[in-house]
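# I would like to see how this sequence folds:
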Amino acid sequence: MDDLTTYNAFEPFRRYVENSGSRFFTGGHFIRFRFDNDYGASIIRGPGSYGYEDGLFELAVIHFDAGGNFGLVYDTPLTEDVIGNLTKAEVVDYLHKIMLLPPRSE
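Numbers count the residues shown, from 1 in each chain. Reported below is the predicted structural model:
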């Protein structure tokens, strides 16, 4: 099973990778991004994720605080929940959109 790191369109986001691997899900993959606006994305494909059975991905928009801690956010113009059943191309499209979000006012 390939993951996002093997996808050529992913290349522009490589410098934003915060963490990745397969230890979060047995038999699955995850990758986390942190962009300059302190938003990011957590992308998973593993047992229990939306779309896993079809080889698709689940994405959550996250936000990092000054200490580097992060949490899911549900109040962006992009989504109010996690987004499942995404193709690699759709993930890349969401990464672009998340990267362009205005910084969050605390």
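
# rest of the way, CA atoms for contacts and neighbours
OK.

# Specify the local secondary structure of Asn19.
At Asn19 the chain is in strand, as set by DSSP: H, G, I helix; E, B strand; the rest coil.

# what ranges do the helices span in this protein?
Ranges of helices within the chain are 88-99, based on DSSP state H.

# these two touch, right, Gly55 and Arg45?
Yes. Between Gly55 and Arg45 there is a contact under Cα atoms under 8 Å: 7.5 Å.

# which one of the two has more residues nearby?
Per other Cα atoms under 10 Å, whichever of Gly55 and Arg45 has more neighbours is Arg45, with 28 against 16.

# per-residue confidence for that one?
On pLDDT, Arg45 comes in at 88.

# Could you list everything it pairs with in the sheet?
Judged by DSSP bridges, the bridge partners of Arg45 are His29.

# Equivalent analysis for Phe64, please.
Residues in beta-bridge contact with Phe64 (DSSP bridges): Phe70.

# Contacts only, for it.
Arg34, Asp38, Tyr39, Gly40, Phe70, Gly71 (Cα atoms under 8 Å, 6 or more residues apart in numbering).

# Turn the residues you listed into TSV, columns for neighbour count, pLDDT and distance to Pro12.
Formatted as TSV, the contacts of Phe64 follow (neighbours: other Cα atoms under 10 Å; pLDDT from 0 to 100; distance: Cα to Cα, whole Å):
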residue	neighbour count	pLDDT	distance to Pro12
Arg34	23	93	13
Asp38	20	95	17
Tyr39	24	96	16
Gly40	27	95	14
Phe70	15	92	22
Gly71	14	94	24
